[in-house]
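Student: model this:
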Amino acid sequence: IAAREGGFPDRLGRVTGLPRWAAAVTDPHEARRRLTELVRAATHRYATHGHGEETMLVHAATAPNAVLRTLPALPPGLWAPSLRAAWTASAAVTAMYAPDTPVAYTPPGTLIPEEVFERALSHGDEHVIKLTDTALDVGDEQALTAALRSIELSEPLV
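Tutor: Predicted coordinates for the structure are as follows:
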């Protein structure tokens with residue numbers, strides 16, 4: 001979007017188009033694979049771009065992860081439309097809030113997933129906890145780095 005200012009409705013009204021990355025997918029298994037890829041990419045991106053808006057950018061990863069978790073309960077015919085909805089939401093949030101330039105971020109020390117989750121719980125912010133939960137689903141070091149970054153960027157609630 002041209003101007004990243006104002007609240008969510010103002011920004012959403014300025015989104016003029018999104019890449020058509022998921023538009024052609026019709027196979028349910030390909031939809032699941034792409035949704036998994038989207039969750040991983042959005043989670044990884046938070047580590048270097050979360051400073052654009054630490055709360056709103058959490059949703060770029062957690063919204064598609066919520067959809068991914070519900071796929072087994074949906075008829076396979078709804079998996080591709082679910083991918084498209086999740087992609088649209090994630091891409092729009094990214095367009096509206098991500099900064100133009102990333103920052104380098106390296107996690108402080110080596111932590112196991114359980115320690116990262118404990119830190120998120122101690123922090124108390126529900127968005128930090130949701131992103132950390134998503135990072136644990138992704139399950140790699142870069143995802144844990146994103147969770148630690150959200151702890152660093154967000155004001156603690158407890």
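
Student: how close does Asp133 sit to His29?
Tutor: According to C-beta to C-beta, to the nearest Å, Asp133 and His29 sit 25 Å apart. (Glycine included, C-beta is placed from N, CA and C.)

Student: oops, could you answer that again for Glu152 instead?
Tutor: For Glu152, the distance to His29 - C-beta to C-beta - is 37 Å.

Student: what do you get for Leu121?
Tutor: 35 Å.

Student: what of Leu38?
Tutor: Leu38 is 15 Å from His29, by C-beta to C-beta.

Student: these two - which one has more neighbours?
Tutor: For Leu38 versus His29, neighbours defined as other C-beta atoms under 10 Å are more numerous around Leu38 (24 against 10).

Student: ok, and what's touching whichever strand or helix holds the more buried one?
Tutor: Leu38 is part of helix 28-49, with elements assigned from DSSP states H and E. The contact list for helix 28-49, computed with C-beta atoms under 8 Å, 6 or more residues apart in numbering, reads 21-22, 25, 57-58, 60-61, 64-65, 67-68, 71, 76-77, 79-80, 82-83, 86-87, 90, 94, 98-99, 102-105, 131, 134-135, 137-138, 140, 142-143, 145-146, 149-150.

Student: give me the buried positions along stretch 26-37.
Tutor: Pro28, Ala31, Arg32, Arg34, Leu35, Thr36 (16 or more other C-beta atoms under 10 Å).

Student: would JSON lines of these with distance to Glu115 and pLDDT be doable?
Tutor: Conversion of the buried residues of stretch 26-37 to JSON lines gives the following (distance: C-beta to C-beta, whole Å; pLDDT from 0 to 100):
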{"residue": "Pro28", "distance to Glu115": "36", "pLDDT": "98"}
{"residue": "Ala31", "distance to Glu115": "34", "pLDDT": "98"}
{"residue": "Arg32", "distance to Glu115": "30", "pLDDT": "98"}
{"residue": "Arg34", "distance to Glu115": "31", "pLDDT": "97"}
{"residue": "Leu35", "distance to Glu115": "28", "pLDDT": "98"}
{"residue": "Thr36", "distance to Glu115": "25", "pLDDT": "98"}
